[in-house]
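Participant: let's see this in three dimensions:
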Amino acid sequence: MRNIVLVAGHSRKKYGCKAKDGTREFDFASSIISIVEGLVNNSKAVNVNLQTFEMSKLADKIEMTNKLNPYLAIELHFNSFKDRNVKGSEAFYWEEKDLSALLAHRYCDIFQKVSGVKTRRAKKDNEGQYKRLAWCRDIRNHSILVENEFLSYKHFNKELYFYYSISAMLRFLKSISW
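Facilitator: All right, here's what the predicted structure looks like:
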């Protein structure tokens with residue numbers, strides 16, 4: 001059985017981006033994680049020990065995750081970007097040669113199959129785009145940072161992406177539960 005940590009990006013105080021209807025990124029990601037955790041813990045099909053927790057500071061999340069020593073750590077976000085022409089989900093990893101790269105690509109493939117929405121693919125997190133992304137770098141074991149679609153866009157269908165995110169995460173976890 002694999003030990004997996006799944007946490008929402010940001011926190012209640014620093015909640016990330018906001019949807020047009022006022023939904024906060026942290027709350028949206030947390031509700032998805034809560035459902036995934038309940039489904040995984042009550043399933044015999046997904047053979048993982050899923051652990052979730054909430055902390056305000058990224059450094060505290062990283063420290064707690066490293067103490068839990070998971071096979072894989074996933075931080076779930078929803079994108080926000082000024083250019084409204086940019087669309088799609090993406091996943092970040094730290095090292096190209098690391099299994100994290102393969103897992104990030106696998107997640108993107110699964111999300112694209114579930115949603116039918118073309119992803120922006122998996123990318124090496126070299127901190128060039130976002131200096132705040134220390135998650136992939138500082139987790140000792142395999143880690144990915146998932147950005148699912150653009151919560152702040154007008155076209156964002158909250159209910160649909162709620163379903164896509166849950167379904168993709170469950171399929172992804174099942175795919176690595178060997």
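
Participant: now the helices for the chain?
Facilitator: Using DSSP state H, the helices of the chain run over 25-41, 58-68, 99-115, 135-138, 158-175.

Participant: check contacts around Arg120.
Facilitator: Shown in contact with Arg120 (CB atoms under 8 Å, 6 or more residues apart in numbering): Val86, Lys87, Gly88, Ser89, Glu90, Cys108. Just so you know, the C-beta spots here come from the backbone N, C-alpha and C atoms, and that holds for glycine as well.

Participant: the fourth one is in contact with Leu145, isn't it?
Facilitator: No - counting by CB atoms under 8 Å, no contact exists between Ser89 and Leu145, whose distance comes to 11.5 Å.

Participant: which residues do the two both contact?
Facilitator: With CB under 8 Å, 6+ apart as the test, Ser89 and Leu145 reach no residue in common.

Participant: list the buried ones in the helix or strand of the chain with the lowest mean pLDDT?
Facilitator: Within the chain, no helix or strand scores below strand 48-51, which has a mean of 78 by mean pLDDT, DSSP states H and E. Using 16 or more other CB atoms under 10 Å as the test for burial, strand 48-51 gives Val48, Leu50, Gln51.

Participant: how about a markdown table for these, with distance to Leu39 added?
Facilitator: Shown next, in a markdown table, are the buried residues of strand 48-51 (distance: CB to CB, whole Å):
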| residue | distance to Leu39 |
| --- | --- |
| Val48 | 11 |
| Leu50 | 9 |
| Gln51 | 15 |
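
Participant: closest to Gly22 among the residues you listed?
Facilitator: Each of these was checked against Gly22 using CB to CB; the closest is Leu50, at 28.9 Å.

Participant: how far away is the closest residue to that closest one other than its chain neighbours from Tyr161?
Facilitator: Excluding the flanking residues, the one nearest Leu50 by CB to CB, 6 or more residues apart in numbering is Val40, at 4.6 Å. In this view, Val40 and Tyr161 are 20 Å apart by CB to CB, to the nearest Å.
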